[in-house]
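Engineer: need a structure here:
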Amino acid sequence: MDFITQLPLSNNFDSILVVVDRFSKMAILIPTYGTITSLDLAQIFISHVFSKHGLPVSIVSDRGSLFVSSFWTQLCQQLKISRDISTAFHPETDGQTERVNQILEHYLWITFINKAITFFTIYGRNPSFDSIHISQDSPAGKLSTKLQSVEQVVKEELESEIRRFKKYPDRNRAITPDFQPGDKVWLAFKNIKTTRPTKKLSERWFGPF
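Structural biologist: Numbers count the residues shown, from 1 in each chain. This is a model prediction of the structure:
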């Protein structure tokens, strides 16, 4: 769970709350404001997450003031939700939300946010089957068995990805190029001052020069 803030105003919103499901990688994108309080965050969570998907077992977030506030902490305790504060370079932290943020900042229109979540990803999630007791010979029993098999395969694939992530922490680290006199280069836009109201939706690079 994380925020994208300081965006240009669109339908009076200037921020987005991004919630990513750890199991299915489904992203929930919620337009909001940069001035919301911890009470507002709780109401957004109940309206957009709990009411549609139920309570999560745990929530991973950074150390933002809203996520470490007394109200949010007490709410999670009352709902028996484990709060995990993200740590850099660890596969169980909030890296997947950060990745969604990076992509969203490039393709951001308030009109299309609610259409960015696929029906299958939302409603095709596999629930817990521990309490289901039906005949395995019935059509429902066969479907239940199939769904449990799919759930197991997905879990195994996720565990495999986590192990691979731990083994190769630097696999995406870019190799420093060997520039020569006269070579053209791209400049990072974050270091360039412009007259635009915000850099969130600007190009990351410009040039080459």
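
Engineer: show the model's pLDDT score for residue 15.
Structural biologist: Note on residue 15: pLDDT of 90.

Engineer: residue 75 belongs to a helix, doesn't it?
Structural biologist: Yes - the assignment for residue 75 is a helix, going by DSSP: H, G, I helix; E, B strand; the rest coil.

Engineer: does the closest residue to it other than its chain neighbours belong to a helix, a strand or coil?
Structural biologist: Spatial nearest neighbour of residue 75, chain neighbours left out: residue 42 (5.5 Å); criterion: C-beta to C-beta, 6 or more residues apart in numbering. Where you see a C-beta, it was placed from the backbone N, CA and C, and this is true even at glycine. Of the three states, residue 42 takes helix under three-state DSSP.

Engineer: ok, now how distant is residue 42 from residue 76?
Structural biologist: For residue 42, the distance to residue 76 (C-beta to C-beta, to the nearest Å) stands at 10 Å.

Engineer: now residue 5
Structural biologist: With C-beta to C-beta as the criterion, residue 5 and residue 76 are 22 Å apart.

Engineer: tell me where the chain has strands.
Structural biologist: 2-4, 15-20, 27-32, 58-61, 82-85, 187-188, 205-206 (DSSP state E).

Engineer: alpha carbons of the fourth one, as CSV, please.
Structural biologist: By that I understand strand 58-61. What follows is strand 58-61, C-alpha atoms only, in CSV (Å, rounded to 0.1, in the frame of the first residue of the first chain):
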residue,chain,number,x,y,z
SER,A,58,-1.3,-8.2,6.6
ILE,A,59,-0.5,-4.8,5.0
VAL,A,60,2.9,-3.7,3.8
SER,A,61,3.6,0.0,3.6
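
Engineer: who does it pair up with?
Structural biologist: Paired strands of strand 58-61, with direction, are strand 82-85 (parallel) (DSSP bridges).

Engineer: who touches the partner strand?
Structural biologist: 57-63, 67-68, 73, 76, 92-93 (C-beta atoms under 8 Å, 6 or more residues apart in numbering).

Engineer: can we see that at 10 Å?
Structural biologist: 1, 56-64, 67-68, 72-73, 75-77, 92-94 (C-beta atoms under 10 Å, 6 or more residues apart in numbering).

Engineer: buried sites along it?
Structural biologist: residue 83 (16 or more other C-beta atoms under 10 Å).

Engineer: start the count at 464 instead of 1 going forward.
Structural biologist: All right, first residue 464 from here; so that's strand 545-548.

Engineer: bridged to residue 651, which residues?
Structural biologist: Going by DSSP bridges, residue 651 forms beta bridges with residue 668.

Engineer: and the pLDDT for it?
Structural biologist: 80.

Engineer: state the distance from it to residue 644.
Structural biologist: Distance, residue 651 to residue 644, by C-beta to C-beta: 21 Å.

Engineer: neighbour count winner among the two?
Structural biologist: Just comparing residue 651 and residue 644: by other C-beta atoms under 10 Å the higher neighbour count belongs to residue 651, 11 against 4.

Engineer: in contact with the more buried one, which residues?
Structural biologist: Residue 651 sits next to 667, 668, 669, 670 when contact means C-beta under 10 Å, 6+ apart.

Engineer: the third one touches residue 652, doesn't it?
Structural biologist: This points to residue 669. Yes - when contacts are counted by C-beta atoms under 10 Å, residue 669 is listed as touching residue 652 (5.8 Å).
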